[in-house]
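>>> need a 3D model of the following:
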Amino acid sequence: MKRFAALFNALDSTTKTGAKTAALVDYFRTAPEADRVWTIALLSGRRPKRVVNATELRTWAAEAAGVPLWLFEESYAIAGDLAETIAHLLPRATQAADPSLDASLRGLIALTGRPEAERRAYVTAAWAGLGPDERFLFNKLMTGGFRMGVSSGLMTRALAQATGVDAAVMAHRLMGDWDPARTRFAELTESGGAETGARPYPFALASGLETAPESLGPAADWLAEWKWDGIRGQIIARAQSFAIWSRGEDLITDRFPEFAPLQDHLPPGTVLDGEIVAWGGTAPLPFADLQKRIARKTVPKKLLTEAPGHFLAYDLLEAEGTDLRETPLAARRARLEAILAALPPGLPISASPVVQGDWPELIALRATARARRAEGLMLKRLSSPYHAGRKRGDWWKWKLDPFSVDAVMLYAQSGHGRRANLFTDFTFAVRDGNDLVPFTKAYSGLTDAEFAEITRWVGKHTVERFGPVRRVVPELVFEIGFEGIQESPRHKSGIALRFPRMLRWRQDKAVDEIDTLESLRSLLRQVSEPGALPAEKEDPGASPPGPQDI
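Next up, the predicted model:
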């Protein structure tokens with residue numbers, strides 16, 4: 001763990017990409033093989049499932065530190081990070097120990113399903129033998145809040161440099177459902193079998209378009225298509241293999257059984273990129289219908305009927321076993337349409353429609369996106385290859401401005417980590433007659449300076465305390481942006497927002513000028529009826545629950 005802790009500290013102490021890369025390259029060349037595999041897994045989001053909950057950790061740590069639980073909780077509220085609080089409060093290690101990262105994670109995994117006493121004994125023994133830095137990281141691994149400030153792309157480039165493998169090839173080899181507990185370093189980094197079977201390709205990502213589309217040059221150089229509001233996915237149809245992967249590298253084949261017939265009709269050696277949507281027969285259904293299926297391992301027949309899956313294909317990455325990613329998009333699209341045209345009718349797949357026109361025509365069509373269950377337009381350069389990850393200049397997402405509503409802050413809660421001393425997590429309300437009804441929470445969108453100013457205000461205008469939550473005088477008005485709205489019987493307001501965030505602090509508005517619950521319900525009705533959307537206003541983690549169910 002000491003070598004892994006040294007890597008963490010090296011990465012945490014700099015913002016320079018070159019320094020981070022050098023630290024990773026050195027680690028991948030010198031660390032024990034099993035530790036290298038686990039580090040790759042952690043940096044690519046493959047974290048072990050939690051075997052200890054936060055309540056247990058608080059209780060065990062308070063007793064091990066010899067402090068009352070209330071004092072531990074007060075310390076946690078100040079530190080803002082559970083792993084850090086435990087590392088600071090526990091007494092110094094009583095015995096020297098330096099378990100490997102591999103041994104530590106295998107030990108935690110072995111606790112799955114074990115009795116509380118057995119898990120507690122293992123964790124407290126580990127605490128007693130670890131130094132402060134190693135103990136902090138051990139806690140992070142247990143809580144699932146592990147972050148190293150390194151993107152998967154940077155990690156992949158460093159690993160490629162350490163092994164001499166091309167970065168694009170390395171990114172492909174790291175894709176898929178591999179288990180770090182059963183995978184050797186050579187299996188990930190050396191050729192031979194990594195690119196075969198059901199392994200997907202790294203997804204190409206788009207950047208947000210922040211300028212007028214005319215700045216991109218002639219519209220004829222670009223392919224325009226709808227930006228669908230679904231699940232990005234790849235369909236893999238290779239010899240002896242059929243799989244469906246999400247962009248998050250989740251294998252979701254079993255969650256969409258209606259796609260199974262495609263394995264009998266797609267030519268072997270075909271890989272498609274596209275969007276999985278719930279299908280209404282001729283157009284996508286609202287994302288909320290698809291969302292009902294996302295978290296389910298098995299889908300009941302009722303949901304299969306109400307929200308059948310459909311694959312809107314927009315790119316061809318592999319044909320007849322040949323990698324086409326370096327082929328220009330125009331040629332890939334033509335081959336894609338030829339493959340889909342040869343399929344028998346009735347299959348749950350179609351080409352994502354191309355949107356044609358000059359820039360003024362595309363601007364007008366983009367304004368109709370929500371009526372088509374889309375978020376805007378995608379713009380892809382016809383001459384572009386299929387990049388691994390995000391490369392600015394070739395793919396742009398030209399989204400509509402978000403919905404927005406003016407609301408008043410009712411509750412405030414401090415943040416975590418570097419924002420532990422600031423109030424950053426807020427609960428907002430709209431008017432319902434003479435009452436204020438909470439309807440959403442948000443914690444992003446403002447600057448640190450604004451959060452600091454609001455924190456000072458909260459300190460002077462707190463009405464009630466509920467543990468870490470403060471109820472405040474309802475005076476501060478904010479414009480809340482969101483991507484979607486849906487009915488939710490779980491919430492007191494009866495609605496739920498998708499990707500809510502603070503667009504701006506409306507210091508120019510009073511509380512009697514905020515929006516109403518009826519205006520939100522009206523928007524919900526209109527969103528549920530495509531073609532009847534209102535004009536947009538001019539100008540995406542959940543925060544902890546507050547004392548009142550919103």
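>>> any buried residues in the least confident helix or strand in the chain by mean pLDDT, and which?
Sorting the helices and strands of the chain by mean pLDDT, DSSP states H and E puts helix 167-173 at the bottom, at a mean of 80. The neighbour-count check on helix 167-173 (16 or more other Cβ atoms under 10 Å) flags 167, 168, 169, 170, 171, 172, 173 as buried. Placement of C-beta: from N, CA and C, glycine included.
>>> any idea how far the last one lies from residue 220?
Yep, that's residue 173 we're talking about. To residue 220, residue 173 is 37 Å away according to Cβ to Cβ, to the nearest Å.
>>> now the buried residues of helix 167-173 in TSV, with distance to residue 490?
Listed next are those as TSV, based on distance: Cβ to Cβ, whole Å:
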residue	distance to residue 490
167	44
168	44
169	46
170	43
171	39
172	41
173	42
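>>> list just the nearest of the residues you listed to residue 263.
The shortest approach to residue 263 among these belongs to residue 172, at 21.7 Å (Cβ to Cβ).
>>> how close does the closest one get to residue 522?
On the measure of Cβ to Cβ, residue 172 and residue 522 end up 48 Å apart.
>>> same question for residue 69.
47 Å.
>>> what does residue 459 give?
37 Å.
>>> kindly report the same for residue 391.
41 Å.
>>> likewise for residue 112?
Residue 112 is 48 Å from residue 522, by Cβ to Cβ.
>>> pull the number of nearby residues for residue 486.
Other residues near residue 486 number 16, with proximity taken as other Cβ atoms under 10 Å.
>>> what's near enough to touch it?
286, 288, 495, 496, 498, 524, 527 (Cβ atoms under 8 Å, 6 or more residues apart in numbering).
>>> and of these, the nearest to residue 474?
residue 495 (19.4 Å).
>>> in terms of contact, does residue 373 touch residue 278 like I think?
No - here residue 373 lies out of contact with residue 278, judged by Cβ atoms under 8 Å, at a distance of 9.2 Å.
>>> shared neighbours, the two?
Counting by Cβ under 8 Å, 6+ apart, the contacts common to residue 373 and residue 278 are 284, 285, 286, 287.
>>> a markdown table for the residues you listed, including neighbour count?
A markdown table is the format used below for the shared contacts of residue 373 and residue 278 (neighbours: other Cβ atoms under 10 Å):
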| residue | neighbour count |
| --- | --- |
| 284 | 23 |
| 285 | 18 |
| 286 | 19 |
| 287 | 20 |
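>>> can I get those residues in TSV with pLDDT and secondary structure?
Formatted as TSV, those follow (pLDDT from 0 to 100; DSSP: H, G, I helix; E, B strand; the rest coil):
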residue	pLDDT	secondary structure
284	91	strand
285	89	coil
286	85	coil
287	85	helix
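>>> for stretch 408-425, give me every contacting residue.
Identification of contacts with stretch 408-425 by Cβ under 8 Å, 6+ apart yields 77-81, 426-430, 436, 438, 441-443, 446, 448, 451-452, 454-455, 458, 468-472, 474-478, 511, 514, 543-544, 546-548.
>>> how about stretch 476-483?
With Cβ under 8 Å, 6+ apart as the test, stretch 476-483 has contacts from 229, 375, 402-409, 426, 428, 440, 442, 445, 454, 457, 497-507, 509-511, 513-514, 540.
>>> low-scoring stretches of the chain, by residue?
96, 145, 191-197, 417-418, 528-550 (pLDDT under 70).
>>> so it: which segments form each domain?
Split into domains by automatic domain parsing, the chain comes to 2-143, 204-399, 403-527.
>>> tell me which residues in the helix or strand encompassing residue 106 are buried?
If you go by DSSP states H and E, residue 106 is part of helix 101-109. Buried residues in helix 101-109, counting neighbours by 16+ other Cβ under 10 Å, are found at 101, 102, 104, 105, 106, 107, 108.
>>> of those residues, closest to residue 149?
Of these, the one sitting nearest to residue 149 (Cβ to Cβ) turns out to be residue 101, at 17.6 Å.
>>> so what's residue 88 up against?
Neighbour list for residue 88: 75, 79, 132 [criterion: Cβ under 8 Å, 6+ apart].
>>> so it: helix, strand or coil?
Following DSSP: H, G, I helix; E, B strand; the rest coil, we place residue 88 in the helix state.
>>> before we move on, what about residue 93?
coil.
>>> make CSV out of the shared contacts of residue 373 and residue 278 and add distance to residue 1.
Listed next are the shared contacts of residue 373 and residue 278 as CSV, based on distance: Cβ to Cβ, whole Å:
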residue, distance to residue 1
284, 48
285, 49
286, 47
287, 42
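>>> near residue 267, how many other residues are there?
Residue 267, neighbours per other Cβ under 10 Å, totals 12.
>>> wait, it touches residue 237, no?
Yes - judged on Cβ under 8 Å, residue 267 makes contact with residue 237 at a distance of 7.4 Å.
>>> just the contacts of residue 486: which are in helices?
With DSSP state H as the criterion, helices contain 288, 524, 527 from among these.
>>> confirm for me that the second one is in contact with residue 488.
No - Residue 524 is not in contact with residue 488 according to Cβ under 8 Å; the separation is 9.9 Å.
>>> quick one: common contacting residues for the two?
residue 495.
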